[in-house]
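Visitor: Generate coordinates for the sequence data below:
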Amino acid sequence: ASPLVFLFGLIYANFMEFANHKWNFHAFPHWVTGTKDSRFYYVMHGHHHKYPHKNPVTPLPQTSALYLLSALLFRACLPATWRSALAGGASGFLAFELTHIFIHAAERDERAIECLKPLVEFHLTHHSDPTVAYGFTSPFWDWLFGYLPKPSRYDWDIVPIPLPWVSFFLSKAIHQLTHY
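Guide: I've put the predicted structure just below:
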């Protein structure tokens, strides 16, 4: 049961990544403008959208607090057999943080761009159109809730799987096998 519970934690973290980005960081429709009513959200996330290349390592205290709260609730409320979900959740959170750092670092490194191209393309689509592509590590939740960018933007089709990185690399591999 532990591997399945770990997988549950990983999928839960992947959903929280999407949900926090979509419904917390993009809570106000005009946050990008830095209006007074959304100043807090602008400081927390809008500044990153306005200047994505200025500081690739954007601290995300809200996300960290959300995952810590989830971990405490898992620890307090779930039986010991379900505690491996904490390890899955921590792995998902780490995948999220590293992915965001890698994506913005990859923009300046040709070798990294080729390796991480699907992740970079998907995330940079979100920077150019903040109404789509909220997932960093998987497009699954964007697909499920209808926030995928237009498919014609990519030279690959998205395979929606709620696990970090799997969707992007599987999508790219399928494209390479069927188009070369």
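
Visitor: tell me what the longest helix along the chain is packed against?
Guide: Secondary structure of the chain per DSSP state H: the longest helix is helix 84-106. Applying 3 or more Cβ pairs under 8 Å, 6 or more residues apart in numbering; DSSP states H and E, one finds that helix 84-106 makes contact with helix 2-20, helix 61-77, helix 110-128. Bear in mind the C-beta positions are built from the backbone N, C-alpha and C, glycine included.

Visitor: Could you save those as CSV and add columns showing distance to Asp157 and mean neighbour count?
Guide: Listed next are the helices and strands packed on helix 84-106 as CSV, based on distance: least, Cβ to Cβ, whole Å; neighbours: other Cβ atoms under 10 Å:
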stretch, distance to Asp157, mean neighbour count
helix 2-20, 20, 19
helix 61-77, 29, 14
helix 110-128, 11, 17
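
Visitor: got a list of contacts for the helix or strand Asp142 falls within?
Guide: Element membership of Asp142 [criterion: DSSP states H and E] is helix 140-145. Contacts to helix 140-145, defined as Cβ atoms under 8 Å, 6 or more residues apart in numbering, come from residues 14-15, 18-19, 22, 132-135, 147-148, 158, 160-162, 167.
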